[in-house]
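J.: sequence first, predicted coordinates after that:
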Amino acid sequence: MNKNIFKVNGRFYYGWIVLVCAFMPMFICYVVKVNCAPLFLEPLTQELNITRTAYTQTNTLMTITMLLCSALIGKIYKKYPVKWVLVGCVALTSLCYVLMSRCTSLWQLYVLAALQGLGWAGATNLPSTIMVSNWFGPKIKGTAMSIAMLGSGAGALVWINVVTSVISNYGWRTGYLAMALINAIMIPIALLVVSMPADKGFETRVGDPEPSEVSVNAVPAQKAGITGQQALKTSRWWFQWFAGLVTMIGASAFSYHCKAYFTDINGGDSAAAAAIYSGALGTLVLGKFLLGVLSDVLHIKRTSVIAPLFYAGVFVCLAMSAVNMSFSTVMIPLYMIGGAVPSVIPFLITSHNFGDKEYGVMSGWMNMAGNVGQIIGPTVAAFIFDVTGTYQLAWVSFAVLMVVVAGLYFLSNHSSKAQIEAMGYAVK
């Protein structure tokens, strides 16, 4: 790798500007979708007089449409310019929030949530990972990806408090309008910044192997790898796919119910619960960067097994917080690494295991795994709460599942190597 990573062939490398743009869908769109939506759980269920399980089905319907569109959206991103696909997806999700602010019954929220899923399939982590993959080679991709992904931690510190304040002072309907406006900030950013290396005259990416490290007949790094169809024939793919699915069962339940849980066990103090929730998410500013760097230094094969165990610790601390609130303090540093797993590990492991040849397509499929998990996690947690009056059983179950995730990534790392090499891609 060139010593000056900010220049290629004597020119400032535009990829660093694109990396800032890749940070923004996570800073804005991901936080609005994943971290701010649960803020409506308590006020909306109380006003409409519905159960938490009923309300979480808005997330289920939205995620089902995301799941159905995930494979397609990866192909759309491959065929059309990233900026235009991203703008269209963000515009649709913002419009749905405007219409949600006018809803008077649950079925209307269900319809709009399902429609919104069409846009969310291409408006959060997928465009971020595609931008990073387009502009950064394998030597620095882990660090670059982690920088983009830490946007969600930084955004959580900002937007959770903003939306909480709007809901508290003006009601949940105005809160939805605020979310529409915040989300729409992404549109001009995408239009002004996003482009491909060839558009800016760059033939070599920062992080690509040096000419001396590449044989004469080698395939360029950004075209190396196997196809998605080939990947589906390997056990390595399915182990990592189910690891991504199981991770999101726990991660989505945490995002959707953490604030409500701490409100319940802390005497109804919503502000204190929001502080704990946003504080945990805020650690991702550092945690995602650290996880990316560790993946470059220790290798993604090791970090993919170790990091989920931190998430298991998070759920243990959640369960223990009902007995002693001091465990909520222990939970936060564990979440710094554990909470970074869903948005960092699946996409780095995909690039490592199968190359960049059809990275966008396979990233879309990994999003499908996450979408299935997002359907299951919040619904299971809400059902357990409605039946038992507590989240304790849910947190213990999710702790066990995170240990399962570590095992699945371990199996993925040690399977199908000869099969993939026979397909023409050397897995290191």
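T.: Perfect, I can see it now.

J.: contacts and neighbour counts: CA atoms only from here.
T.: Will do.

J.: got the end-to-end distance for stretch 292-309?
T.: Terminal residues of stretch 292-309 are spaced 16 Å apart (CA to CA, to the nearest Å).

J.: oh, that last question was meant for stretch 9-26, not what I typed.
T.: Stretch 9-26 has an end-to-end distance of 31 Å (criterion: CA to CA).

J.: buried residues in that stretch, which are they?
T.: 13-16, 18-26 (16 or more other CA atoms under 10 Å).

J.: what of stretch 89-104?
T.: Neighbour counts over stretch 89-104 (16+ other CA under 10 Å) mark 89-101 as buried.

J.: which helix or strand contains Phe254?
T.: helix 235-265 (DSSP states H and E).

J.: next helix or strand past that helix?
T.: helix 270-282.

J.: can you pull the poorly scored residue ranges out of the stretch 301-428 of the chain?
T.: Across the stretch 301-428 of the chain, the ranges flagged by pLDDT under 70 are 428.

J.: what are the boundaries of the helices in it?
T.: For the stretch 301-428 of the chain, applying DSSP state H, counting those that start in this stretch gives helices covering 327-338, 341-354, 359-388, 392-413, 417-422.

J.: tell me what the third one is packed against?
T.: Read that as helix 359-388. Under the contact criterion of 3 or more CA pairs under 8 Å, 6 or more residues apart in numbering; DSSP states H and E, helix 359-388 touches helix 52-79, helix 125-135, helix 235-265, helix 341-354, helix 392-413.

J.: repeat the analysis, applying 10 Å as the threshold.
T.: helix 52-79, helix 125-135, helix 228-231, helix 235-265, helix 341-354, helix 392-413 (3 or more CA pairs under 10 Å, 6 or more residues apart in numbering; DSSP states H and E).

J.: again, but for the shortest one
T.: Other helices and strands packing on helix 417-422, by 3+ CA pairs under 10 Å, 6+ apart, are helix 228-231, helix 235-265, helix 341-354.

J.: Serialize the helices and strands packed on helix 359-388 to JSON lines and add fields for distance to Asn35 and mean neighbour count.
T.: Listed next are the helices and strands packed on helix 359-388 as JSON lines, based on distance: least, CA to CA, whole Å; neighbours: other CA atoms under 10 Å:
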{"stretch": "helix 52-79", "distance to Asn35": "12", "mean neighbour count": "21"}
{"stretch": "helix 125-135", "distance to Asn35": "14", "mean neighbour count": "25"}
{"stretch": "helix 228-231", "distance to Asn35": "31", "mean neighbour count": "16"}
{"stretch": "helix 235-265", "distance to Asn35": "6", "mean neighbour count": "24"}
{"stretch": "helix 341-354", "distance to Asn35": "14", "mean neighbour count": "24"}
{"stretch": "helix 392-413", "distance to Asn35": "18", "mean neighbour count": "21"}
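
J.: which one of those helices lies closest to Ile332?
T.: Ile332 sits nearest to helix 235-265 of all these, at 12.1 Å, using CA to CA.

J.: ok now the closest one, how far from the chain's centre?
T.: 11 Å (CA atoms, centre = their mean, to the nearest Å).

J.: quick check: Phe383 touching Gly389?
T.: Yes. Using CA atoms under 10 Å, Phe383 makes contact with Gly389 at a distance of 9.4 Å.

J.: and the two? Which one has more around it.
T.: Taking other CA atoms under 10 Å, Phe383 and Gly389 do not tie; Phe383 has more neighbours (19 against 11).

J.: ok, now which ones touch the more buried one?
T.: Contact analysis of Phe383 by CA atoms under 10 Å, 6 or more residues apart in numbering lists 51-54, 56, 389-391, 394.

J.: quick one: average pLDDT of stretch 208-224?
T.: The pLDDT scores in stretch 208-224 average 55.

J.: which residues touch the closest residue to Tyr110 other than its chain neighbours?
T.: Among residues not flanking Tyr110 along the chain, Thr58 sits closest, at 5.2 Å (CA to CA, 6 or more residues apart in numbering). Contact analysis of Thr58 by CA under 10 Å, 6+ apart lists 64, 106-114, 375.

J.: check the residues you listed for burial and list the buried ones.
T.: 64, 106, 109-110, 112-114, 375.

J.: quick one on the thing from earlier: turn the helices and strands packed on helix 417-422 into CSV, columns for distance to Asn169.
T.: Shown next, in CSV, are the helices and strands packed on helix 417-422 (distance: least, CA to CA, whole Å):
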stretch, distance to Asn169
helix 228-231, 49
helix 235-265, 18
helix 341-354, 32
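
J.: wait, which of these is closest to Met179?
T.: The nearest among these, by CA to CA, is helix 235-265 at 16.4 Å.

J.: tell me the contacts of the most centrally placed residue in the chain?
T.: Computing the C-alpha centroid of the chain and ranking residues by CA atoms, centre = their mean puts Ser343 first, at 3.8 Å. Shown in contact with Ser343 (CA under 10 Å, 6+ apart): 26, 125-126, 129, 145-146, 148-150, 152, 244, 248, 288, 367, 370.

J.: send the alpha carbons of stretch 346-361 over as CSV?
T.: Provided in CSV are the C-alpha atoms of stretch 346-361 (Å, rounded to 0.1, in the frame of the first residue of the first chain):
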residue,chain,number,x,y,z
PRO,A,346,-21.1,-9.8,8.2
PHE,A,347,-19.8,-7.5,5.5
LEU,A,348,-16.1,-7.9,6.2
ILE,A,349,-16.5,-11.7,6.3
THR,A,350,-18.4,-11.6,3.0
SER,A,351,-15.6,-9.7,1.3
HIS,A,352,-12.9,-12.0,2.8
ASN,A,353,-14.7,-15.3,2.1
PHE,A,354,-15.9,-14.6,-1.4
GLY,A,355,-14.1,-11.5,-2.8
ASP,A,356,-15.4,-8.4,-4.4
LYS,A,357,-16.6,-9.7,-7.7
GLU,A,358,-20.3,-9.7,-6.7
TYR,A,359,-20.0,-8.1,-3.3
GLY,A,360,-23.1,-5.9,-3.7
VAL,A,361,-25.2,-8.9,-4.6
